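S.K.: With the input below, show me the fold.
(one chain, ligands or ions: 2)
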Amino acid sequence: MDPTLILEADHRVVERLIEQISEAEGAARTKLVEQLATTLDAHMELEERVFYPAMEPVTGPDSVDEGETEHVITRSALADVVELCPDGPGFEAALDTMQAAIDHHVKDEEDEIFVQMRSKGRGQLEEMTEPFMAKRAELGMVIDVEALAETASKDDLKAEADAAGIEATASMTKSELAGALADVAGAG
Ligand SMILES: [Fe+2]
Ligand SMILES: [Fe+2]
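M.R.: Ligands and ions are numbered 1, 2, ... in the order given. Prediction:
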């Protein structure tokens, strides 16, 4: 599957967790923050180890520098959130700061990097798919079906499902296509 679609689904999961964190309290908030830290750490490691090196010939070295610098900013903001969780003074401000850093970075990736990769980096995307999925397995990352269905178009999901050899895709809903793709990716 196109790694950019999977990374976008990860982004939707992170955004959902941040929303849940701002509404939760006490132990529930701590649990969600731990989940966010694990998810974000794995996502950034995956990008730094596999995606960014593979995108460099397409998007240029400056985009890799920018991505890595924004990850440093995100890690530092995340560390503040973890430290102040669940109700330390300034927790809300730390959460807002982290959210702003993540929103900016996600916009850079989705509106620029991923768009460039899909238009002129198809070969690199295909080449990186195997190491990308292997790294996800190593990091224990799963594809969130709901997030994938939310972020990808039905046409994209159907094309990916057809390419993956999934049958009867024409009669499937968006969620069914996302679910079938996540199953194939998990089994692969
Ligand atoms: Fe990302
Ligand atoms: Fe990133």
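S.K.: what are the ranges of the helices in the chain?
M.R.: Secondary structure of the chain (DSSP state H): helices at 3-23, 26-46, 52-59, 61-84, 91-108, 114-120, 122-139, 145-151, 154-163, 174-187.
S.K.: Identify each buried residue in the fifth one, please.
M.R.: So that's helix 91-108. 91, 94-95, 97-99, 101-102, 105-106 (16 or more other Cβ atoms under 10 Å). Placement of C-beta: from N, CA and C, glycine included.
S.K.: Between the residues you listed, which sits nearest residue 167?
M.R.: Nearest to residue 167 among those is residue 106, at 34.0 Å by Cβ to Cβ.
S.K.: which non-adjacent residue is nearest the closest one?
M.R.: residue 11 (4.9 Å; Cβ to Cβ, 6 or more residues apart in numbering).
S.K.: what's the spacing between the residue lying farthest from the centre of the chain and residue 83?
M.R.: Within the chain, the residue lying farthest from the chain centre (Cα atoms, centre = their mean) is residue 89, at 29.5 Å. Using Cβ to Cβ, to the nearest Å, residue 89 is found at 11 Å from residue 83.
S.K.: And the residue nearest to residue 21 when sequence neighbours are not counted, how close does it get to residue 38?
M.R.: Spatial nearest neighbour of residue 21, excluding adjacent residues (Cβ to Cβ, 6+ apart): residue 32 at 4.7 Å. Between residue 32 and residue 38 the computed distance is 11 Å (Cβ to Cβ).
S.K.: Give me the below-cutoff pLDDT ranges for this protein.
M.R.: 188 (pLDDT under 70).
S.K.: Would you map out the domains in it?
M.R.: Following automatic domain parsing, the chain resolves into domains at 3-141, 152-188.
S.K.: Which of the residues in the shortest one are classified as buried?
M.R.: Think domain 152-188. Under 16+ other Cβ under 10 Å, the buried positions of domain 152-188 are 152, 156-158, 160-161, 166, 169, 172, 176-182, 184-185.
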